[in-house]
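[1] coords please:
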Amino acid sequence: MTRDAAVPPAGAGVTFVMPVLNEADYLERAVQTVLAQEFDGPAEIVLALGPSTDGTTEVAERLAAADPRIRLVHNPEADIPVGLNLAIAAGSYPTIVRVDAHSELAPGYTARALATLALVRAANVGGVMRARGRTPFQRAVAFAYNSPIGLGGGAYHSGGAAGEAESAYLGVMRRAVVAEVGGFDESIRRGEDWELNLRIRNAGYRVWFEPALAVTYWPRESWVRLVRQFRATGTWRGELVRRFGRRNSVRFFAPPLLVLLLVVALGVAVAQLTKVLPAAWSLLAAVVYAPLGAYVLLVAAVSLFGRGPDGRASWHERLWRLAVIPSMHVAWGLGFLVGLARGARDTVDTSRLARNTPLP
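    So this is what the prediction gives:
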């Protein structure tokens, strides 16, 4: 039975929550787009500060000193769900807006989200991630984020009709419902939003997708950081499959299947080169190359001929796409298989850190 989330009185206020770690180049602009939101009621933004090493904490302190709406809490473990729970607890208003320091809210985002929440009586509403880039590499990653071939065609990446959804990108949530289901699960370091929305839906509330809501997202700036991010994300998705099984979308299984297909194809190639297989069996085994060939052709066509968000793309960017899209798939797929086999354990996303360690 579907339950309606209670609608707070008009003008009751909004708490924005933002986990932050090593975001000196993006934090100020992200905060500015939050403070520029216009809607009925007061606002506060709570920054959960991880142990940054790039001057992010100093930027946050300067911003907080200049505007009383900005509050700071410390998140020494740097785990995103821990930081989100700390920020939510430090806030006081009945609607919570999750924001990433790597993102920028479009004008009117909050007002539109509040109106949608009230109209459909949802517990959480999210919109579309509009990935953008500044360098050819970052624009190539943004293209992959926005393309169905890149991240699997989820509504918050590629758009779609408004309606009930599996999850919500970032999310504008009713505090009472978040408290009722127990907040973010602090044992989950990636995919924590999907798992929270699963509990919200299991409690009978609506999670809603509204395509008119748009958030600009700035992806990782280097290939190494991108691979680290996707390996960690895939590992945690494997963990979530261990915990929740078929409640995970089918699209999550595509990258690990690609990795397994690559392993099988490599084994076939070695057997053919060493002539371990008889000629007839070798010819039959070669069928494994067909789906890989189709994948390569599809990636090449999308990478070389797909248009960017502004309708154009440099050849430098198009060539980067050829590396970015398979890298995302393979890193995520390898991580997934590891997470599925042994669990995520202490896997962390090190892509915001200067070196590949859990904490600086």
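[2] okay, CA-based contacts and neighbour counts for the rest of this
    Noted.
[3] List the residues that contact Met1.
    The contact partners of Met1, taken as CA atoms under 8 Å, 6 or more residues apart in numbering, are Gly204.
[4] Skip ahead from the helix or strand bottoming out on mean pLDDT in the chain and say which helix or strand is next.
    Least confident element among the helices and strands of the chain, by mean pLDDT, DSSP states H and E: helix 155-158 (a mean of 62). Along the chain past helix 155-158, the next helix or strand (assigned with DSSP states H and E) turns out to be strand 163-164.
[5] helices or strands next to the helix or strand just after that next one in the packing?
    Downstream of strand 163-164, the next assigned helix or strand under DSSP H and E is strand 172-174. Judged by 3 or more CA pairs under 8 Å, 6 or more residues apart in numbering; DSSP states H and E, strand 172-174 is in contact with strand 95-98, strand 124-131.
[6] Can you tell me which of those strands is nearest to Leu334?
    Evaluated with CA to CA, the helices and strands packed on strand 172-174 place strand 124-131 nearest to Leu334, the distance being 23.9 Å.
[7] picking that back up, pick the most buried one from the helices and strands packed on strand 172-174.
    With neighbours taken as mean count of other CA atoms under 10 Å, the helices and strands packed on strand 172-174 reach their highest mean count in strand 124-131, at a mean of 27.
[8] send the alpha carbons of that one over as CSV?
    Taking Å, rounded to 0.1, in the frame of the first residue of the first chain, the C-alpha atoms of strand 124-131 are listed here in CSV:
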residue,chain,number,x,y,z
ASN,A,124,12.0,11.9,-2.1
VAL,A,125,12.3,13.5,-5.5
GLY,A,126,15.3,13.8,-7.8
GLY,A,127,16.0,15.0,-11.3
VAL,A,128,18.6,14.7,-14.0
MET,A,129,22.4,14.8,-13.6
ARG,A,130,23.8,17.1,-16.3
ALA,A,131,27.4,16.1,-16.4
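[9] Run me through the strand neighbours of that strand, direction for each.
    Take DSSP bridges as the rule and strand 124-131 pairs in its sheet with strand 172-174 (antiparallel), strand 207-217 (parallel).
[10] Would you reformat these as CSV and include distance to Gly108?
    Shown next, in CSV, are the strands paired with strand 124-131 (distance: least, CA to CA, whole Å):
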stretch, distance to Gly108
strand 172-174, 13
strand 207-217, 8
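[11] returning to what we had before: which one of the helices and strands packed on strand 172-174 has the lowest average pLDDT?
    Ranked by mean pLDDT, the helices and strands packed on strand 172-174 bottom out at strand 124-131, which scores a mean of 94.
[12] can you pull out the helices in the stretch 151-300 of the chain?
    155-158, 175-181, 192-202, 223-244, 254-273, 279-285, 289-305 (DSSP state H, counting those that start in this stretch).
[13] Tell me which of these sits nearest to Val97.
    Among these, if distance is taken as CA to CA, the winner is helix 175-181, at 9.7 Å.
[14] What helices and strands are in contact with that closest one?
    Helix 175-181 packs on helix 192-202, going by 3+ CA pairs under 8 Å, 6+ apart.
[15] hmm, 10 Å instead?
    Here helix 175-181 touches helix 80-90, strand 95-98, strand 124-131, helix 192-202, going by 3 or more CA pairs under 10 Å, 6 or more residues apart in numbering; DSSP states H and E.
[16] Thr347: which of the ones you listed is closest?
    Among the helices and strands packed on helix 175-181, helix 80-90 sits nearest to Thr347 (CA to CA), with 12.9 Å.
[17] What residues sit buried inside the closest one?
    Neighbour-count burial for helix 80-90, counted by 16 or more other CA atoms under 10 Å, picks out Ile80, Pro81, Val82, Gly83, Leu84, Asn85, Leu86, Ala87, Ile88, Ala90.
[18] does the first one really touch Arg98, like I thought?
    No: taking contact to mean CA atoms under 10 Å, the distance of 11.3 Å between Ile80 and Arg98 leaves them out of contact.
[19] Give me the common contacts of the two.
    Common contact partners of Ile80 and Arg98 (CA atoms under 10 Å, 6 or more residues apart in numbering): Met18, Pro19.
[20] From Glu77, how far off is the residue most central in space within the chain?
    The C-alpha lying nearest the average C-alpha coordinate of the chain belongs to Tyr169 (CA atoms, centre = their mean; 7.1 Å). Tyr169 sits at a distance of 23 Å from Glu77 (criterion: CA to CA, to the nearest Å).
[21] Output stretch 176-188 as PDB - backbone C-alpha positions only.
    The C-alpha coordinates for stretch 176-188 follow below in PDB (Å, rounded to 0.1, in the frame of the first residue of the first chain):
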ATOM      1  CA  ALA A 176      10.400  12.700   9.000                       C
ATOM      2  CA  VAL A 177      10.600   9.800   6.500                       C
ATOM      3  CA  VAL A 178      14.400   9.700   6.500                       C
ATOM      4  CA  ALA A 179      14.300   9.500  10.300                       C
ATOM      5  CA  GLU A 180      11.500   6.900  10.200                       C
ATOM      6  CA  VAL A 181      13.600   4.500   8.000                       C
ATOM      7  CA  GLY A 182      16.800   5.100  10.000                       C
ATOM      8  CA  GLY A 183      18.800   7.500   7.900                       C
ATOM      9  CA  PHE A 184      21.700   6.500   5.700                       C
ATOM     10  CA  ASP A 185      23.200   3.100   6.400                       C
ATOM     11  CA  GLU A 186      26.800   3.900   7.600                       C
ATOM     12  CA  SER A 187      28.000   0.500   6.700                       C
ATOM     13  CA  ILE A 188      27.600   1.300   3.000                       C
END
